[in-house]
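Engineer: sequence first, then the predicted structure, then my questions.
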Amino acid sequence: MSESLIKRATLELVGTFILITAATSVIVNGKVSFMGIALSPAIAVAIMIITIGPISGVHLNPAVSFAFLLAKRMWLKDFLAYVAAQILGSLLAALAIRLVFTQAVAGQFNNGVTSLAPGVTFLTGFIIETVLTFILVITIFIATDPHRNLTPHTIAISIAGVIVVQILAFGTTTGASFNPVRWLGPAVASGYFTNAALYLLSPFIGGALAVIAQRYLSSDPGHSPA
C-alpha cells in the first residue's frame with residue numbers, strides 16, 4: 001500500500017468517525033431537535049469536504065466508494081482500503097458514543113442505529129434507502145465532475161443540502177441512513193441487527209443505479225482512475 005493511499009485511508013477513517021459521531025450523538029443525547037439531527041451530519045460532511053476533500057475525496061460511505069469504483073474513478077485497491085477504513089471508523093465512533101453516554105443511556109436509543117418506523121415494511125424501507133442513496137451519489141457525481149470546476153465550498157453546500165433534505169424527509173421513516181456504515185457501527189455497539197440486509201445492501205444498489213444514470217445523462221465517456 002502506497003504512502004498516499006495510507007494517508008487517504010486514514011483520513012477516511014477519521015472522517016467516518018466524525019460523521020458517525022455527529023449523526024448518532026445528537027440522537028443518543030435525546031435533547032436535540034429533529035432539525036438538529038438532520039443538520040449535524042450534514043455540517044460535519046460539509047466541513048470535511050472543504051478541509052480534507054482535495055486529499056481523500058471524503059467518501060465516508062462504502063456505497064459512494066463502490067459507485068466511484070464502478071464509474072472507473074477509483075482503483076480496486078483504493079476501494080478496499082477506503083471501505084476497511086470506513087468500517088473501522090464507524091465501529092470506533094459507535095463504541096466511543098457508547099462510552100461517553102454510558103451503556104444505559106446509549107441503550108435507550110440503540111446507540112443511534114437507524115431503523116424502520118412502525119408500519120413501514122421491509123420492501124418500502126429498502127426502496128426508500130435505495131432511492132436516497134441514488135440521489136446522494138448522483139449529486140456527488142455531478143458536483144465533483146471535473147468539467148464543472150465547482151469550488152469545494154459549492155460542492156460542500158450541494159452535498160450537505162441533499163443530506164439535510166433527505167433526513168428531514170425520511171428520517172422518521174427509515175432513519176435516512178443511505179450509508180452501510182451509518183447503520184453498521186451503531187448496530188454492532190447496540191447489538192441491534194434488525195433489517196440488516198436492508199441497510200447493508202440497498203445503498204450499494206442505489207449507488208450502482210446512480211452510475212448507470214450518470215453514464216446515460218452525461219456526454220462524458222467516463223473518467224480514468226486518478
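Structural biologist: Nice, thanks for sending it over.

Engineer: ok, residues contacting the helix or strand containing residue 130?
Structural biologist: Using DSSP states H and E, the secondary-structure element containing residue 130 is helix 122-143. The contact list for helix 122-143 (Cβ atoms under 8 Å, 6 or more residues apart in numbering) reads 61, 63-64, 67, 71, 116, 148, 150, 154-155, 158-159, 162-163, 166, 170, 173-174, 176-179, 195, 198-199, 201-207, 209-211, 213-214. Every C-beta, even on glycine, is put in place using the N, C-alpha and C of the backbone.

Engineer: just stretch 160-173 next, same as before
Structural biologist: Stretch 160-173 has contacts (Cβ under 8 Å, 6+ apart) with 34-35, 37-39, 41-43, 45-46, 49, 116-117, 120, 125, 128, 132, 135-136, 139, 176, 178.

Engineer: in it, which residues are buried?
Structural biologist: 160, 162, 163, 164, 166, 167, 168, 170, 171, 173 (16 or more other Cβ atoms under 10 Å).

Engineer: now do the helices in the protein.
Structural biologist: Taking DSSP state H as the criterion, the chain contains helices spanning 3-28, 34-56, 62-70, 76-108, 122-143, 152-170, 180-190, 196-217.

Engineer: show me which helix or strand of the protein is least confident by mean pLDDT.
Structural biologist: helix 76-108 (a mean of 90; mean pLDDT, DSSP states H and E).

Engineer: so how far is it off the chain centroid?
Structural biologist: 12 Å (Cα atoms, centre = their mean, to the nearest Å).

Engineer: could you pull out the buried residues of that helix?
Structural biologist: Residues of helix 76-108 classed as buried under the neighbour-count rule (16+ other Cβ under 10 Å) are 78-79, 81-83, 85-98, 101, 106-107.

Engineer: and residue 146, how many neighbours?
Structural biologist: Other residues near residue 146 come to 10 when the count uses other Cβ atoms under 10 Å.

Engineer: residue 26 too?
Structural biologist: When neighbours are counted by other Cβ under 10 Å, residue 26 comes out with 20.

Engineer: that one and residue 37 touch, don't they?
Structural biologist: Yes - checked against Cβ atoms under 8 Å, the pair residue 26 and residue 37 is within contact range at 4.9 Å.

Engineer: highest mean neighbour count out of the helices of the chain?
Structural biologist: Across these, the average number of neighbours (mean count of other Cβ atoms under 10 Å) peaks for helix 180-190, which reaches a mean of 26.

Engineer: ok, residue 181 to residue 75 distance?
Structural biologist: Using Cβ to Cβ, to the nearest Å, we find residue 181 at a distance of 20 Å from residue 75.

Engineer: ok, now which ones touch the closest residue to residue 7 other than its chain neighbours?
Structural biologist: Spatial nearest neighbour of residue 7, excluding adjacent residues (Cβ to Cβ, 6 or more residues apart in numbering): residue 55 at 7.1 Å. With contact set as Cβ under 8 Å, 6+ apart, residue 55 has these partners: 7, 8, 11.

Engineer: where does pLDDT dip in this protein?
Structural biologist: Within the chain, the segments meeting pLDDT under 70 span 103-106, 219-226.
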